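Trainee: Sequence plus the predicted model coming up.
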Amino acid sequence: MATYVDLGGSFVGPTQSHVLRLAKELGLEAYKVNDGEYEIHFVKGKLYKSRGAFPPVWNPIAYLDHNNLWRTTDDMGREIPSEAPWKEPLAEVGPRDDEGAARQDLLDRVCKKLCHPLCNPCVTAEPVRSLLWSLCM
């Protein structure tokens, strides 16, 4: 029988060794999880299974749209000092939320619909939270 795991906010990636050190210091137990199985996505009442971090996208515009969104987010995140994000001029995007950013920056409707389920596991928050907070994660 299969076992299902929600990776969500409990997932620690390979580049997050500082999180594992802190967990060890606090006496928290970590365990390995097999995340190589299918990812399950529900879109318009249909179940889609895929492997990998993102569901497959067949529309080339949607693919380019997704790529642009994540590259823009990464670029913005690199500009913000994590120790004092409020000092960054980009802090003015704080009132703007991830959902608003997706609506404004994305062209493809499929990408707009996927932004919410992808935001949850990536930043462990709802997309209505501050874009600045997400960028600093």
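Mentor: Good, I have the coordinates. Source: prediction; values computed, not measured.
Trainee: low-scoring stretches of the protein, by residue?
Mentor: Low-confidence segments of the chain (pLDDT under 70): 1-11, 35, 53-55, 90-137.
Trainee: longest helix of it?
Mentor: For the chain, the longest helix by residue count, based on DSSP state H, is helix 60-79.
Trainee: helices and strands around it, which ones?
Mentor: For helix 60-79, the elements it packs on are helix 98-105, helix 109-123, helix 131-136, judged by 3 or more Cβ pairs under 8 Å, 6 or more residues apart in numbering; DSSP states H and E. All C-beta spots, glycine's among them, are computed from the backbone N, C-alpha and C.
Trainee: Show me what counts as buried in stretch 59-69.
Mentor: Across stretch 59-69, burial judged by 16 or more other Cβ atoms under 10 Å covers 62-63, 65-66, 69.
Trainee: mind putting the residues you listed in a markdown table, distance to G45 included?
Mentor: Shown next, in a markdown table, are the buried residues of stretch 59-69 (distance: Cβ to Cβ, whole Å):
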| residue | distance to G45 |
| --- | --- |
| A62 | 19 |
| Y63 | 23 |
| D65 | 23 |
| H66 | 22 |
| L69 | 25 |
